[in-house]
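# only the shape, not the letters, is given here:
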């Protein structure tokens, strides 16, 4: 009997002997290590990517790269949050035959449900993910993300250590009752496309700061023709702040050669900064003009970019709904919720028209002899309906 088979049999035996399944939840079977905070270059990133795509799916180093980028590159994290907000701020309902399934309505307002939705969207950024759910029909529950660095979806295991090649078979009983997979086995997420521009962006910041430190303050040059004068100059310059200085004999020469003036030289950093941010925006939002300040382009071009972004948000909502219908409903039935087989999740339609636009539309319909009820006018305008004693007078005015 192999080591893995013996390990599996011991775990299975323990499950059967224990009345408390919660003691064996998957997230408690892994030893979480801290994220490695190291300087990242492109060559190291490529090495980590090869390791993640290799036979053993060693993803720890690559996912540490992702975490470092998210924590240090605000543009990446904000683009992701923008996508999440456009989904999490919309109301979800479970419908059956045109009516809302009330038994699960309260779930959508719970913290554990909102966390599950967030992780579904994060899976689009990080790639394949595992959620472990411990929800109850009483409306209480916990949603836990299994550390992606320990998951090897190609083999269906969660390893105790990130580089182990054996572990818990989460697709088998009893773990399959509470663990839900999101995404494809080989998916490494959208953050993969952000790594190189984010690395270049970080390096550019560092180089730009160094350039500003060196070139931002003019160098002071002092000349002397005697030793006392030299000492006086050195002491004076040393007390006059952080600017660079040079003390040299009176007959000496000092030249500083620049291929271009300081302003032009700085534009190189600005151009690289803008290019990196635009690449990240395109990878995450399919546009550049809704997150970056454009130096050119008009209103029409901006609307085109906004339209591309809206399609991304729609695709995210479709992805979430598919996950809920295909996987979450089965889990909810398994823990005791009475959900009809044909019930489907959907987002409530939101009215995008302003109050003024609605009233103008109502007036246009009225001008074209389309009846518009009096209550609608008051409700749309946000004005209370008058008392019944006032209604005849209003009707007379209308006639």
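Cool, got the structure. The shown structure was predicted, so the numbers you read here are calculated from the model rather than taken from an experiment. Numbering: from 1, shown residues only.

# what segments of the stretch 201-350 of the chain are helices?
Along the stretch 201-350 of the chain, the segments classed as helices by DSSP state H, counting those that start in this stretch run 227-238, 262-285, 299-323, 329-334.

# residue 140 is nearest to which of the ones you listed?
helix 329-334 (14.1 Å; CB to CB). Yep, even glycine has a C-beta here, placed from its N, CA and C like the rest.

# could I get the average pLDDT for stretch 383-399?
Looking at stretch 383-399 alone, the average pLDDT works out to 58.

# might you report the residue contacts of residue 376?
Residue 376 makes contacts with residue 362, as judged by CB atoms under 8 Å, 6 or more residues apart in numbering.

# and whatever helix or strand it lives in, how far out from the chain's middle?
Following DSSP states H and E, one finds residue 376 within helix 374-381. Between the centre of helix 374-381 and the centre of its host chain there is 40 Å, according to CA atoms, centre = their mean, to the nearest Å.

# cool, and stretch 320-332?
21 Å.

# next one: stretch 53-67
19 Å.

# which parts of it are buried?
Residues 57-67 are the ones in stretch 53-67 that count as buried (16 or more other CB atoms under 10 Å).

# what sits opposite the closest residue to residue 324 other than its chain neighbours in the beta ladder?
Of all residues not flanking residue 324 in the chain, residue 345 sits nearest, at 4.1 Å (CB to CB, 6 or more residues apart in numbering). Bridge pairing for residue 345 (DSSP bridges) gives the partners residue 94.

# for residue 345, list the residues it contacts.
Here residue 345 is in contact with 92-95, 321, 324-325, 328-329 (CB under 8 Å, 6+ apart).

# of all the helices of the stretch 201-350 of the chain, which lies closest to residue 190?
Here helix 262-285 is closest among the helices of the stretch 201-350 of the chain (CB to CB), at 6.0 Å.

# quick one: buried residues of that closest one?
266, 269, 272-273, 276-285.

# could you point out the longest strand of this structure?
Of all the segments of type strand in the chain, defined by DSSP state E, the longest one is strand 129-135.

# please verify my assumption that residue 90 contacts residue 321.
No: Residue 90 lies out of contact with residue 321 (CB atoms under 8 Å); the separation is 10.6 Å.

# between those two, what contacts are shared?
Common neighbours of residue 90 and residue 321 (CB under 8 Å, 6+ apart) are residue 347.

# helices or strands up against the strand or helix carrying residue 85?
Counting by DSSP H and E, the element that carries residue 85 is helix 74-88. With contacts defined as 3 or more CB pairs under 8 Å, 6 or more residues apart in numbering; DSSP states H and E, the packing partners of helix 74-88 are helix 60-72, helix 111-126, helix 191-215, helix 262-285, helix 299-323.

# for this protein, which spans come out with low pLDDT?
1-32, 216-219, 237, 239-248, 250-265, 289-308, 350-354, 387-399 (pLDDT under 70).

# care to break it down by domain?
For the chain, automatic domain parsing gives the domain ranges 15-208+284-350, 354-384.

# tell me the contacts of residue 112?
Taking CB under 8 Å, 6+ apart, one finds 133, 135, 141-143 in contact with residue 112.

# mind doing that once more with 10 Å?
133-135, 139-144 (CB atoms under 10 Å, 6 or more residues apart in numbering).

# residue 62 now?
Going by CB under 10 Å, 6+ apart, residue 62 touches 45, 47-53, 126-127, 148-149, 188-189, 191-192, 195.

# before we move on, what about residue 316?
83-84, 86-88, 120-121, 124.

# change it to 6 Å
83, 87 (CB atoms under 6 Å, 6 or more residues apart in numbering).

# where's it relative to residue 223, distance?
Using CB to CB, to the nearest Å, we find residue 316 at a distance of 66 Å from residue 223.

# again, but for residue 147
For residue 147, the distance to residue 223 - CB to CB - is 64 Å.

# of those two, who's got more company?
residue 147 (19 against 15; other CB atoms under 10 Å).

# and that one, how far is that from residue 229?
66 Å.

# re the thing from before, narrow the contacts of residue 62 to those in helices?
Cross-referencing those against helices under DSSP state H gives 45, 47-53, 126, 191-192, 195.
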